[in-house]
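**Q** This is a predicted model, with the sequence first.
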Number of protein chains: 2
Amino acid sequence: MLTKADLFPDTLASLAEQAKALSHPARLAIIEHLAARDTCLCGDLVDTLPLAQATVSQHLKVLKAAGLVKGEVDGPRSCYCLDRDALAGLHEALQAFFHGALAEAPACIPDPDCC
Amino acid sequence: MLTKADLFPDTLASLAEQAKALSHPARLAIIEHLAARDTCLCGDLVDTLPLAQATVSQHLKVLKAAGLVKGEVDGPRSCYCLDRDALAGLHEALQAFFHGALAEAPACIPDPDCC
DNA sequence: CACTTTGATCGTATATTCACGATATGCGAT
DNA sequence: ATCGCATATCGTGAATATACGATCAAAGTG
């Protein structure tokens, strides 16, 4: 890209990247589904989601690229499951970000007209 | 779009939408910056970020659309600040999502080969 | 009133995302 | 070897996102 995105601190860049992985309902649904059946094949997902097989596979690729999901080819079918550690890590990163943002100042006291 | 995105549960759709607001480092930087100077900042975001004024304005628009930031025009300058309530709400929603996903099952016990 | 300052918006170029059909691959069964 | 199933990947089209210069609108200043 023209991507100015790399001009930002690594922390923000990587957090943004993982947030992007969460930025599509299909991918959230996939995560939920994988969480429910703790192990699961792609076929399940295709049946569950209102999406074509190719599309599901693509979303899985995104999740795998973001490191949130691990997948192994197991014979004629492949098997995906959550990387719970990575998910926990993302959770923590988000938590830190929100904590920082929400804690820093009480509220717009200095300029009450403003907000 | 062809957007199949609306075929998903509202919870996921709205969470995904807000995650999308977090999915660019510039927007995370804006949030951090607004959090730091608690008094709502205006255009020195432009000085801070490595982006053109038009681009910053656009990112602010996205954040405002996502409801994470409030903005008021105050004379010749406009003034933005975090919507801390909304941010807290998003934090909670994410927390709920992660909690659900991480809790549901212990680990890939049923199929040890798999992951 | 002209002039500057500040920010929003428009137009546009490029990159990326989303979605899917078609096709390829890998493997077990026949 | 061949067939068929479960997925992955390719190619493509349409929609969005990112970025910016140029321009517009509002308000304070001379």
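**A** Structure's in. What do you need?

**Q** and the angle from whichever strand or helix holds A:Ala19 to helix B:10-21?
**A** Take DSSP states H and E as the rule and A:Ala19 turns out to sit in helix A:10-21. With axes from the mean of the first three to the mean of the last three C-alpha atoms, to 10 degrees applied, the angle from helix A:10-21 to helix B:10-21 works out at 150 degrees.

**Q** what's around A:His99, how many residues?
**A** By other C-beta atoms under 10 Å in any protein chain shown, the residues close to A:His99 number 11. All C-beta atoms are positioned from the backbone trio N, CA, C, and that covers glycine.

**Q** what ranges do the helices span in chain A?
**A** Ranges of helices within chain A are A:10-21, A:25-36, A:42-48, A:53-65, A:84-103, based on DSSP state H.

**Q** tell me the most buried of these?
**A** helix A:25-36 (a mean of 22; mean count of other C-beta atoms under 10 Å in any protein chain shown).

**Q** so which residue of chain A comes closest to DNA strand D?
**A** A:Gly43 (2.7 Å; C-beta to the nearest atom of the strand).

**Q** low-confidence ranges in chain A?
**A** Across chain A, the ranges flagged by pLDDT under 70 are A:1-6, A:38, A:74-76, A:104-115.

**Q** one more time with 90, if that's ok
**A** For chain A, the stretches flagged by pLDDT under 90 are A:1-7, A:36-44, A:71-81, A:100-115.

**Q** if I pick A:Ser78, what's in contact with it?
**A** A:Leu41, A:Cys42, A:Gly71, A:Glu72 (C-beta atoms under 8 Å, 6 or more residues apart in numbering or on different chains).

**Q** Okay, and the beta partners of the closest residue to the last one other than its chain neighbours?
**A** Here the nearest residue to A:Glu72 in space, its sequence neighbours aside, is A:Cys79; by C-beta to C-beta, 6 or more residues apart in numbering or on different chains that works out to 5.2 Å. In this structure, A:Cys79 bridges to A:Leu41, A:Glu72 when assessed by DSSP bridges.

**Q** Quick check: A:Cys79 touching A:Arg37?
**A** No - the pair A:Cys79 and A:Arg37 does not pass the contact test of C-beta atoms under 8 Å, sitting 10.8 Å apart.

**Q** okay, those two: which has more neighbours?
**A** Using other C-beta under 10 Å as the criterion, A:Cys79 and A:Arg37 rank with A:Cys79 on top: 19 against 14.

**Q** one step back: compute the distance between the residue nearest to A:Glu72 and DNA strand C, please.
**A** According to C-beta to the nearest atom of the strand, to the nearest Å, A:Cys79 stands 12 Å off from DNA strand C.

**Q** Could you dump the helices of chain A into CSV and include distance to B:Ala103?
**A** Shown next, in CSV, are the helices of chain A (distance: least, C-beta to C-beta, whole Å):
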stretch, distance to B:Ala103
helix A:10-21, 20
helix A:25-36, 8
helix A:42-48, 20
helix A:53-65, 19
helix A:84-103, 10
